[in-house]
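Asks: sharing a model that was predicted from the sequence below.
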Amino acid sequence: SSDKTGAAKKRIFGAVIGLMLALLSYIILNTITPRLVALRLPKVDPVGRFDYEIGETCANSLELKKKEDSGADLKIYEKGNYPDKLVNGGREYAYCGRKHEVYAINRATGKLEQVYDCTGDYCTGDDVCVANVCLNAVVYGDIIMPPIQLIPWSDRYLEKIELVRYCTGGEKTSISEQTFRSKPGFYRVPRPDGFAGDRCIRAADKILGYYLKILVNDELGQWDDTFYTGKDRKIYKEMSLNSLISFNDLNGGYELNIDLSEASSYD
């Protein structure tokens, strides 16, 4: 009938218009950047979160310091191994991640009694104790990524964290880095070889300090996003000299948590 024929023509015309609009949208988005039309599911790497707290250790315990200041002669043993495994050198040498028992002479009875429990944080060499594990790291910490992507199909991920040396002559040299292809919850930049003797390229220059350069890839534009952070933990688009980290802070292993949710305001 003529009614059915007319309805069919309208459907066909509507379908053609829809296809033309879809093609036009594709051309516009592809002109802006081809990545807007490269639709795919985000890449999700199986990276477990590495949560930790610094907390009290045998070395930094204020309670143990009070006891020593009062004249107590403390003896540190690995937990469950008294009197066989005495920690030589004192509480600063209680090994990372191991539980220890602290003993002292009871002045009233003259007997050696347990007075405290603590966890060690000593590592050999240049390693630092993080989450009860000795790690090769000069700077480390948690990473907080933006919880919501501004464009749902963008695959924004952390690409690299660099430790940069800044000198009086304007030298900015990356001396160590950690690369990623994911959205990690924890990072650690390895300690550079020979870091104890670190110096500027030009002998006349002096080291002013260090900072972190953070490279985030949002896979939308031609350029990656670069951010900077330092001792004040703020996120910068241009590094602030007031936020430089000193050599002495880094030399013992430096905890610096990075909150990249602040970086979303720069997009």
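Replies: Perfect, I can see it now.

Asks: go ahead and confirm residue 145 touches residue 260.
Replies: Yes. Judged on Cβ atoms under 8 Å, residue 145 makes contact with residue 260 at a distance of 5.4 Å. The way it works is simple: take the backbone N, C-alpha and C, and place the C-beta from them, glycine included.

Asks: show me what contacts residue 245?
Replies: By Cβ atoms under 8 Å, 6 or more residues apart in numbering, the residues touching residue 245 are 139, 209-211, 230-231, 254, 256.

Asks: got these as JSON lines, with neighbour count, pLDDT and distance to residue 78 columns?
Replies: Formatted as JSON lines, the contacts of residue 245 follow (neighbours: other Cβ atoms under 10 Å; pLDDT from 0 to 100; distance: Cβ to Cβ, whole Å):
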{"residue": "139", "neighbour count": "24", "pLDDT": "93", "distance to residue 78": "30"}
{"residue": "209", "neighbour count": "19", "pLDDT": "95", "distance to residue 78": "39"}
{"residue": "210", "neighbour count": "23", "pLDDT": "97", "distance to residue 78": "36"}
{"residue": "211", "neighbour count": "25", "pLDDT": "96", "distance to residue 78": "39"}
{"residue": "230", "neighbour count": "21", "pLDDT": "94", "distance to residue 78": "38"}
{"residue": "231", "neighbour count": "17", "pLDDT": "93", "distance to residue 78": "36"}
{"residue": "254", "neighbour count": "21", "pLDDT": "89", "distance to residue 78": "28"}
{"residue": "256", "neighbour count": "20", "pLDDT": "91", "distance to residue 78": "31"}
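
Asks: kindly indicate which of the residues you listed lies nearest residue 179.
Replies: residue 139 (15.1 Å; Cβ to Cβ).

Asks: that closest one pairs with what?
Replies: residue 189, residue 254 (DSSP bridges).

Asks: what's the longest helix in the chain?
Replies: helix 2-32 (DSSP state H).

Asks: re the thing from before, hey, what's in contact with both of residue 145 and residue 260?
Replies: Joint contacts of residue 145 and residue 260 (Cβ under 8 Å, 6+ apart) are residue 158.

Asks: go ahead and confirm residue 98 touches residue 121.
Replies: No. In this structure residue 98 lies outside contact range of residue 121 using Cβ under 8 Å: 9.7 Å.

Asks: more neighbours, those two?
Replies: residue 121 (24 against 18; other Cβ atoms under 10 Å).

Asks: how much space separates that one from residue 80?
Replies: According to Cβ to Cβ, to the nearest Å, residue 121 stands 19 Å off from residue 80.

Asks: spit out the contact partners of the most centrally placed residue in the chain.
Replies: Closest to where the C-alpha atoms of the chain average out (Cα atoms, centre = their mean) is residue 187, at 3.3 Å. Contacts here follow Cβ under 8 Å, 6+ apart; on that basis residue 187 touches 140-141, 143, 158, 161, 178, 180, 258.

Asks: which is the succeeding secondary structure element to the helix or strand containing it?
Replies: For residue 187, the host element (DSSP states H and E) is strand 186-189. Downstream of strand 186-189, the next assigned helix or strand under DSSP H and E is strand 207-217.

Asks: residue 257 and residue 85: what is the separation?
Replies: From residue 257 to residue 85 the distance is 35 Å (Cβ to Cβ).

Asks: likewise residue 99?
Replies: Distance from residue 99 to residue 85, by Cβ to Cβ: 12 Å.

Asks: so what sits against both of those two?
Replies: residue 78.

Asks: what are the ranges of the strands in the stretch 1-150 of the chain?
Replies: 75-78, 99-105, 112-119, 128-130, 133-135, 139-144 (DSSP state E, counting those that start in this stretch).
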